[in-house]
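Enquirer: Just a sequence and a predicted model for now, questions to come.
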Amino acid sequence: MPETIIIIGAGVIGLTTALHIQQYLSPTQSVLLVARDFPSDTSVNYASPWAGAHYRPVPGSSPQALREASQAHRTYEFMKRVADEPAAGIKFIQGVEHLEAPPHEYLDAQSVRNVYTHLDGFRGLSSSEVPEGVKWGVEYGTYVVNSPVYCAYMLRKFVLKGGSVKQYALANIQEAFSLAPTVNTVVNCSGLGFEDPKSFIIRGQTCLVRNPVDATITRQNEDGSWSFCIPRPLDGGTIIGGTKEPGNWDPNPSPETRERLLANAKKWFPFAPESGGEFDVIRDIVGRRPAREGGMRIEIESVSGDRKLVHAYGAGGRGFELSRGVAEDVVVLMLEAGILEDKANL
Ligand SMILES: Cc1cc2nc3c(=O)[nH]c(=O)nc-3n(C[C@H](O)[C@H](O)[C@H](O)COP(=O)(O)OP(=O)(O)OC[C@H]3O[C@@H](n4cnc5c(N)ncnc54)[C@H](O)[C@@H]3O)c2cc1C
């Protein structure tokens, strides 16, 4: 009997997961991706198009840090393959980090090894190689993503492989089971989830400028705030960031924040001398990172009868970095639950 698997969400998590699931469908299964926002939309509640986006490891040894390290590592290897396709909007470039007051995880050798050593060309910078005031510095090969282009690329690929899409705002998650004649599985990649008390937003304000730069540089300032520049491939400009403000729902960019971000970027990042130290601003950006206490929820929940909800939401500030690892983890759960079939067994 034909069966439709519903995927909620057309952000980087929903799209990456949808593409991976497509490789494991039986001939009677199809996928319908349902979302309120798609890559051409610009809602503040749709995080993916607003992301920088670069890959910068987050050191740690907690179970969440180790789970994310594994997802990030797999995503790094995956991005190398995707970057071969120019239309994807992904490029490998040099990543540099300069920290003035490194938090304790950065000073713990094992926590650093857990997340950095797989990166091509990774090395610690000596005190003579870092700017004044910097106590901890590293460089490595990393990738940057033109996030709206990459999401549009994945959506196109999903449709070309036979996936269907529907623009629709669900009032609740149960409604998703009614969107096709036979739906037993709904994959919930909705960013914040549905009424999950552990979910919360982290506001991010950045500024997109035309000035080019050829590395992604992150600087942690003495007061604990962070500055970064992320060039977007395919002439997408450069993102200057940024803020991380948990629970701040203000959708409007703050002019004072823009001024501070640009002043820091002027001090620390090597923009071409022709710019005369001035920025050619394209737009201010405000987005809401869909975060969750304890990290992402990736699990299967059985609901009435044979119906199952497969949750994959709460990526916070790391959705692009974790995306492929998350998609693989979701597919493993679905294989174990007998929802998908391993092609090797067919
Ligand atoms: C300023 C900023 C900078 C960032 N920089 C980086 C970075 O450098 N690297 C990185 O990895 N990440 C970065 N992020 C984080 C990244 O953007 C998020 O982690 C990621 O986009 C989350 O993807 P998602 O698919 O889970 O959620 P979203 O992109 O928010 O997508 C959620 C989807 O679910 C749909 N949906 C939700 N509710 C409903 C409903 N009721 N009915 C129907 N559809 C629904 C939405 O319409 C949407 O399609 C940044 C974020 C911001 C804001």
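Expert: Yep, that arrived.
Enquirer: hang on, residue 253 packs against residue 285?
Expert: Yes: with contact defined as Cβ atoms under 8 Å, residue 253 and residue 285 form a contacting pair (7.3 Å). Where C-beta positions appear, they are placed from N, C-alpha and C, glycine not excepted.
Enquirer: Quick check: the closest residue to residue 51 other than its chain neighbours vs residue 232, distance?
Expert: Setting aside the residues directly before and after it, residue 51 is nearest to residue 147 in space (Cβ to Cβ, 6 or more residues apart in numbering), at 4.4 Å. To residue 232, residue 147 is 8 Å away according to Cβ to Cβ, to the nearest Å.
Enquirer: What mean pLDDT does the top helix by length along the chain get?
Expert: Residue-count comparison of every helix in the chain, with assignments taken from DSSP state H, identifies helix 63-82 as the longest. Here the mean pLDDT over helix 63-82 is 96, rounded to a whole number.
Enquirer: For it, buried residues please.
Expert: Of the residues in helix 63-82, those with enough neighbours to count as buried (16 or more other Cβ atoms under 10 Å) are 65, 67-69, 71-76, 78-79, 82.
Enquirer: hmm, back to that, same drill for residue 147 and residue 232, tell me which one is more crowded.
Expert: Neighbours around residue 147 and residue 232, counted as other Cβ atoms under 10 Å, are more numerous at residue 147. The numbers are 27 against 23.
Enquirer: tell me how far the ends of stretch 226-238 are from each other?
Expert: End-to-end distance of stretch 226-238: 16 Å, with Cα to Cα, to the nearest Å as the criterion.
Enquirer: Likewise for stretch 244-253?
Expert: 13 Å.
Enquirer: Show me the contact partners of that stretch.
Expert: Residues lying outside stretch 244-253 but in contact with it, judged by Cβ atoms under 8 Å, 6 or more residues apart in numbering, are 44, 200-205, 226, 284-286, 288-289, 291, 317.
Enquirer: if you set the cut-off to 10 Å instead, what comes out?
Expert: Stretch 244-253 is contacted by residues 43-45, 200-207, 225-226, 257, 283-289, 291, 316-317 when judged by Cβ atoms under 10 Å, 6 or more residues apart in numbering.
Enquirer: Type out the ChimeraX command that picks the buried ones from those.
Expert: In ChimeraX, a selection of the buried entries from those looks like this (16+ other Cβ under 10 Å):
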select :44,200,201,202,203,204,205,206,207,226,257,284,285,286,287,288,289,291,316,317
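Enquirer: returning to that earlier point: overlap in contacts of residue 253 and residue 285?
Expert: By Cβ under 10 Å, 6+ apart, the residues touching both residue 253 and residue 285 are 205, 206, 207.
Enquirer: Show me which of the residues you listed is closest to the ligand.
Expert: Taking Cβ to the nearest ligand atom as the measure, the ligand sits nearest to residue 206 out of the shared contacts of residue 253 and residue 285, at 4.8 Å.
Enquirer: okay but that closest one is in contact with residue 50, surely?
Expert: Yes: between residue 206 and residue 50 there is a contact under Cβ atoms under 10 Å: 7.6 Å.
Enquirer: coming back round to it: make TSV out of the shared contacts of residue 253 and residue 285 and add distance to residue 264, pLDDT and secondary structure.
Expert: Listed next are the shared contacts of residue 253 and residue 285 as TSV, based on distance: Cβ to Cβ, whole Å; pLDDT from 0 to 100; DSSP: H, G, I helix; E, B strand; the rest coil:
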residue	distance to residue 264	pLDDT	secondary structure
205	13	98	strand
206	12	98	strand
207	11	98	strand
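Enquirer: Need the residues touching each of residue 147 and residue 232.
Expert: 52, 53, 89, 239.
Enquirer: dump the residue contacts of the third one.
Expert: Contact criterion Cβ under 10 Å, 6+ apart gives 53, 82-83, 144-153, 232-234, 236 as the residues in contact with residue 89.
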